[in-house]
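my questions concern the predicted model and sequence given below.
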Amino acid sequence: MKLTNVLSTSALLLVVLVSGCNKDLGNGSSDLSNSAGSASNLKSGELPSTSGTLTGVNLGVAGEFVILSKTGITDVYKSAVTGDIGSSPITGAAILLKCNEVTGTIYTVDAAGPLPCRVTNATRLGIAVGDMQTAYTDAAGRSNPDFLNLGAGNIGGKTLTAGLYKFTTAVIIPTDVTISGSDTDVWIFQVAGTLKMSSAVRITLAGGAQAKNIFWQTSGAVTLGTTSHFEGNILGQTGINMQTGATINGRMLAQTAVTLQMNTVTQP
């Protein structure tokens, strides 16, 4: 009888220990799922949320422009631009938009440029271009990305949550993209190569996301395909090219030229 009692007690203790271990493992698995953004609850193509501590890029005076370039703004008539535009240090003659295409002010560094609406203010343009370059450097220098080379540079079809995205190659957008987050969330995309959006593709904002809080820092040329729609501020080290009928809700801040072809450009 004594041996039976000892065996019964040992068996009971073993059950208790195993149950406790299983409970601890279960809690650990649950915590891991939550820290990853509850991946099982994400929609197809949606990314897990980040910490939300990313701060926006200060555009300075450059943020007062919807288009700002260093080597000119070309145009195929008729485009519709809402917001101030300017180019420096190149002469105002390199701005080819007409007065009736711009709801805002056209700033030039000299007396050349669209008449009769152009305003000559080389000082303001110089400050704006300097701030544009500072903003580019800030965006490019952000470290510890939340997402590295997402989709090997192909972000088509994805829902992009707030955070810092780093790409060491070119980025393509061949199909529609959704940028989803609150009105205070920030997105910074660091692109080491070119950025190309296919024709008729759209970026859509969801959940209160604001174009003014989205920054695309690109080393290579940016091309927005025919009738495509883009959201956010483009900080381009080289050219920004809009093909026929493309639209953008954002800013185009280029360290070379901006080219338009019957486009709609709206400052957020």
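All right, it came through fine.

care to break this structure down by domain?
Structural domains assigned to the chain are 2-35, 60-266, following automatic domain parsing.

mean confidence score for the first one?
Per-residue pLDDT over domain 2-35 has a mean of 37.

what do you get for stretch 67-87?
98.

list the buried ones in it?
67-75, 79, 81, 83-87 (16 or more other Cβ atoms under 10 Å). Yep, even glycine has a C-beta here, placed from its N, CA and C like the rest.

how far does it stretch from start to finish?
8 Å (Cα to Cα, to the nearest Å).

ok, now stretch 149-166?
In stretch 149-166, first residue to last residue: 6 Å (Cα to Cα).

so which of the buried residues of stretch 67-87 comes closest to T134?
L68 (12.8 Å; Cβ to Cβ).

contacts made by the strand or helix carrying the closest one with the rest, please.
For L68, the host element (DSSP states H and E) is strand 65-69. Strand 65-69 is contacted from outside by 62, 73, 81-87, 104, 107, 128-129, 132, 240, 251-258, 265-267, using Cβ atoms under 8 Å, 6 or more residues apart in numbering.

out of the buried residues of stretch 67-87, which are inside strands?
67-69, 73-75, 81, 84-87 (DSSP state E).

can I get those in a markdown table with distance to T159?
What follows is those, written out as a markdown table (distance: Cβ to Cβ, whole Å):
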| residue | distance to T159 |
| --- | --- |
| I67 | 29 |
| L68 | 30 |
| S69 | 32 |
| I73 | 33 |
| T74 | 34 |
| D75 | 34 |
| V81 | 30 |
| D84 | 33 |
| I85 | 32 |
| G86 | 35 |
| S87 | 36 |
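
these: which two are farthest apart?
T74 and D84 (17.9 Å).

now K212, what are its backbone angles?
K212 adopts backbone torsions of phi -70, psi -20, taken as degrees, to the nearest 10.

low-confidence stretches in the chain?
1-52 (pLDDT under 70).

which parts of it are helices?
Remark: helices of the chain, listed N- to C-terminal, are 2-35, 122-141; assignment by DSSP state H.

from V191, how far out is G153?
8 Å (Cβ to Cβ, to the nearest Å).

mutual contacts of these two, please.
With Cβ under 8 Å, 6+ apart as the test, G153 and V191 both reach 167, 170-171.

returning to that earlier point: list the neighbouring strands of the strand holding L68 plus their orientation.
strand 84-87 (parallel), strand 247-254 (parallel) (DSSP bridges).

residues of the last one that come out buried?
I take that to be strand 247-254. For strand 247-254, by 16+ other Cβ under 10 Å, it's 247-254.

orientation of that strand relative to helix 122-141 in degrees?
Calculated by axes from the mean of the first three to the mean of the last three Cα atoms, to 10 degrees, strand 247-254 forms an angle of 100 degrees with helix 122-141.

run through who's touching strand 247-254.
59, 62-63, 65-70, 83, 132, 135-136, 211-212, 214, 224, 228-236, 238-240, 242, 258, 263-268.

alpha carbons of stretch 138-147, as CSV, please.
Listed next in CSV are the C-alpha coordinates belonging to stretch 138-147 (Å, rounded to 0.1, in the frame of the first residue of the first chain):
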residue,chain,number,x,y,z
ASP,A,138,18.0,63.7,-43.4
ALA,A,139,15.8,61.2,-45.1
ALA,A,140,18.7,59.3,-46.6
GLY,A,141,20.5,59.2,-43.3
ARG,A,142,17.7,57.6,-41.2
SER,A,143,19.0,54.3,-39.7
ASN,A,144,17.5,51.0,-38.4
PRO,A,145,14.9,50.4,-41.1
ASP,A,146,11.7,48.6,-40.2
PHE,A,147,11.7,46.9,-43.6
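
contacts for it?
47, 50, 54, 57-58, 163-166, 188, 190, 215, 217, 219, 235.

coming back round to it: the contacts of strand 247-254, buried ones only, as a PyMOL selection?
Those of these that count as buried under 16+ other Cβ under 10 Å are selected in PyMOL with:
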select buried, resi 59+62+63+65+66+67+68+69+70+83+132+135+136+211+212+214+224+228+229+230+231+232+233+234+235+236+239+240+242+258+263+264+265+266+267+268
